[in-house]
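> Build the 3D model from these lines:
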Amino acid sequence: MPEEIAIVAVAQTPARRRYADSEPSMLMELTNRLLAETGLPRSAVDFTIAGSCDYLSGLPFAFVSNVDGFGAWPPVYESHLEMDGAWALFEAWVRLQMGDIDIALVAGSGKSSPGSPREIFPLQTDPYVAAPLGLDPVSVAGLQARALLDAGLATERDFAEVVSRSRRSGLSNPNAQVKKDVAVDALLKEPYYASPLRKHDLPPISDGAAAVLIARGKRARELTKRPVWIRGIDHRIDSHHLGLRDLTDSPSCRIAAKGVDLHGGPIDVAELCVRYSPEEIVLRRALELAPGTQINPSGGPLCGHPVMATGLVRVIEVAQRIREGSARRGVAHAASGPALQQNLLCVLEAS
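Residues are numbered from 1 along each chain as shown. Have a look, this model is predicted:
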């Protein structure tokens, strides 16, 4: 049986259009908040791991400077992923399974404001076909939306309903960047941006960071009265060749759902990494969430999308609701790559 691992403290910055300071400064702020909440000295953290993106920074090995934000001294085990912080959480969970350490600090951070995401992220696609075509995330999301419409699985009103609900939910989220109560009919009158998507179907360009402290069973209970247990975590990937995929479905998400035993108990809340409104339609079908499940009560990525932290924010949002007592069991979803190419699920539960 796997070791019991729990989230014992969480912290995130608001999603902002432009964060004036550096990524290390964001991470330092969050690290100090986590340590203050648990009363731990910095030296008590056995392992640190971060997810960030050198493509966004425009510098090779830019992630090395982020280690300064953790203040990882005396030297500790350290790792980095060129992925969302949710994947860093997975690696930290695996690392704690070894049993020789008890506490890990996990973070994700990104600043999209200095560059143009539509020009940067095609560089991460297939270098032989997709990258030369300049297939940026917005264009691919438009292809996915069109596939859903042509298959009769969604309408443009469905997309607008996702946006309207998300923006309304964001009103109560102090960390949301975009928050506005807009009616569906008003959204449908907006012009197309990348047909059949309108600009509100896209996430805002955001800067931000997120961090969590996780600990093994006994130590977790010592650090907090409200540990949030990671009952299952799994991630899967679909083909990076868009022509080999059915963009209306997410087989990798279905497989991950089985891996975390998603339907082994009721899901009260689901925070889904819906970067483009059509993605929610695909994810709801793939995960087969029961009616009544709260979906993105935080507003989700449509209200704030700090790349490389967005998935970890979903974990934090579910954990906070469990800690507050408004949910007992929930699922957090993270995505990476065009059209939900890679998917991670994390099932969290109260004690």
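
> For the rest of this, base every contact and every neighbour count on C-alpha atoms.
Noted.

> Am I right that Pro41 is in contact with Asn32?
No: look at Pro41 against Asn32 with C-alpha atoms under 8 Å: they stay out of range, at 9.8 Å.

> Comparing the two, which residue is more hemmed in?
Counted by other C-alpha atoms under 10 Å, Pro41 and Asn32 do not tie: Asn32 has more neighbours, with 17 against 10.

> Let me know whether my guess that the more buried one is in a helix holds.
Yes: per DSSP: H, G, I helix; E, B strand; the rest coil, Asn32 lies within a helix segment.

> 640 is where my numbering starts, stick with that
Sure, I'll start counting at 640 from here, so that last one is Asn671.

> Next, work out how far apart it and Phe709 are.
Going from Asn671 to Phe709 by C-alpha to C-alpha, to the nearest Å gives 8 Å.

> Next, show the common contact partners of those two.
Residues touching both Asn671 and Phe709 (C-alpha atoms under 8 Å, 6 or more residues apart in numbering): none.

> Now the element after the lowest-mean-pLDDT helix or strand in the chain, going C-ward?
Least confident helix or strand of the chain, by mean pLDDT, DSSP states H and E, is helix 693-696 with a mean of 79. Next in sequence after helix 693-696, counting helices and strands by DSSP states H and E, comes helix 702-709.

> Could you list every helix and strand in contact with that following helix?
Helix 702-709 makes packing contacts with helix 662-677 when contacts are defined by 3 or more C-alpha pairs under 8 Å, 6 or more residues apart in numbering; DSSP states H and E.

> Distance from the chain centre to the helix it packs on, please.
Chain-centre distance of helix 662-677: 19 Å, with C-alpha atoms, centre = their mean, to the nearest Å.

> and if you look at stretch 865-879?
Centre to centre, stretch against its chain (C-alpha atoms, centre = their mean), the figure for stretch 865-879 is 11 Å.

> Kindly report the same for stretch 774-793.
Stretch 774-793 has its C-alpha centroid displaced from the chain centroid by 21 Å (C-alpha atoms, centre = their mean).

> which of the residues in it are buried?
Across stretch 774-793, burial judged by 16 or more other C-alpha atoms under 10 Å covers 774-788, 793.

> now stretch 964-977
Using 16+ other C-alpha under 10 Å as the test for burial, stretch 964-977 gives Ala966, Arg967, Arg968, Gly969, Val970, Ala971, His972, Ala973, Ala974, Ser975, Gly976, Pro977.

> How about Ser808, nearest residue that isn't a chain neighbour?
With C-alpha to C-alpha, 6 or more residues apart in numbering as the criterion, Ser808 has its nearest non-adjacent residue at 4.8 Å, and that residue is Gly938.

> and what of Leu862?
Distance criterion C-alpha to C-alpha, 6+ apart; nearest residue to Leu862, sequence neighbours excluded, is Thr677 at 5.9 Å.

> Surely the one you found touches Ala648?
Yes: judged on C-alpha under 8 Å, Thr677 makes contact with Ala648 at a distance of 7.1 Å.

> re earlier: can you give me every residue that contacts the residue nearest to Ser808?
Arg804, Ser805, Arg806, Arg807, Ser808, Gly809, Leu810, Asn812, Ala815.

> for the residue most central in space within the chain, what are its contacts?
In the chain, the centroid-proximal residue (C-alpha atoms, centre = their mean) is Gly950; its distance is 0.8 Å. Contact analysis of Gly950 by C-alpha under 8 Å, 6+ apart lists Asp723, Gly724, Ala725, Cys912, Ala971, His972, Ala973, Ala974.

> returning to what we had before: residues contacting the residue nearest to Leu862?
Val647, Ala648, Leu862, Thr863.

> Make a markdown table from those and add distance to Phe729 and secondary structure to it.
Output for these, formatted as a markdown table (distance: C-alpha to C-alpha, whole Å; DSSP: H, G, I helix; E, B strand; the rest coil):
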| residue | distance to Phe729 | secondary structure |
| --- | --- | --- |
| Val647 | 16 | strand |
| Ala648 | 16 | strand |
| Leu862 | 21 | helix |
| Thr863 | 21 | coil |
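
> which one of these sits closest to Ile894?
Nearest to Ile894 among these is Val647, at 28.0 Å by C-alpha to C-alpha.

> End to end on stretch 871-890, go ahead and measure it.
By C-alpha to C-alpha, one end of stretch 871-890 lies 18 Å from the other end.

> wait, stretch 921-936
18 Å.

> What's the mean pLDDT across it?
For stretch 921-936, mean pLDDT is 96.
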